[in-house]
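[1] Sequence first, then the predicted structure, then my questions.
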Amino acid sequence: MGPSGSGKSTLMNILGCLDIATTGTYLYEGIAVEKLDADRRSLLRRYALGFIFQGFNLLARTSAQDNVELPLLYRGLSRKDRHEKALAALTSVGLGDKLRSSPAELSGGQQQRVAIARAIVTEPSTLFADEPTGNLDSVTTRDVMELLTRLNVDRGITVLIVTHADDVAACAKRTVLIKDGLIESDVAKT
């Protein structure tokens, strides 16, 4: 958590293996990430990490199902396996009845749920969410935060959320406050 420009997204990009820190060491499950080449970082992202973005980043002319199947293409899964996994992921976020809908046919909250389904379809151990509720109203924000909390509790997925919103941060078990690129505080709920 922190104000705009504080370094939240930069930290998330480093932790999500999208960027490499200029100094220091970052271990992900005992692996020194900065020592991995681009291909190995890509494999780590493909098999262990999931990403949810504020702008949803859905393909506009593609159905919800096809959007969710996209990361499975990179894994080389068969069409049948991709369909089954996408259906399961969309059902788990309450959108099993919206498989054929395009993003334009969905509300903002539904689009974010498709983005969440796409992020979890690969069964990541860590899920990175950059302002996942920034474009949503308060009711939909609550629904999305309940969904992310369930993913953590029920599936054991570590969920890292970048936010500036107090109500979103209040849902977390731990809050790290970043200011001017530095950790100002790190507080775990008891």
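    Perfect, thanks for sending it. Numbering: from 1, shown residues only.

[2] which stretches of the chain have low pLDDT?
    Along the chain, no part satisfies pLDDT under 70.

[3] Next secondary structure element downstream of the helix ranked longest in it?
    Longest helix in the chain by number of residues (criterion: DSSP state H): helix 138-155. On the C-terminal side of helix 138-155, the closest following helix or strand by DSSP states H and E is strand 158-162.

[4] any idea how far that next one is from the chain center?
    Once both centres are worked out by C-alpha atoms, centre = their mean, to the nearest Å, strand 158-162 turns out to sit 7 Å from its chain's centre.

[5] do stretch 151-163 as well
    Distance, centroid of stretch 151-163 to centroid of chain: 9 Å (C-alpha atoms, centre = their mean).

[6] any idea how far the residue of the chain most remote from its centre is from Glu34?
    Centroid-distance maximum for the chain: Thr23 at 25.3 Å, with C-alpha atoms, centre = their mean. Distance from Thr23 to Glu34, counting by C-beta to C-beta, to the nearest Å: 9 Å. Backbone N, C-alpha and C define where each C-beta goes, glycine included.

[7] From one end of stretch 27-41 to the other, what's the distance?
    Stretch 27-41 has an end-to-end distance of 12 Å (criterion: C-alpha to C-alpha, to the nearest Å).

[8] oh, I was asking about stretch 178-190
    Using C-alpha to C-alpha, the two ends of stretch 178-190 sit 21 Å apart.

[9] what are the ranges of the helices in the chain?
    8-15, 38-48, 64-73, 79-92, 108-120, 138-155, 166-169.
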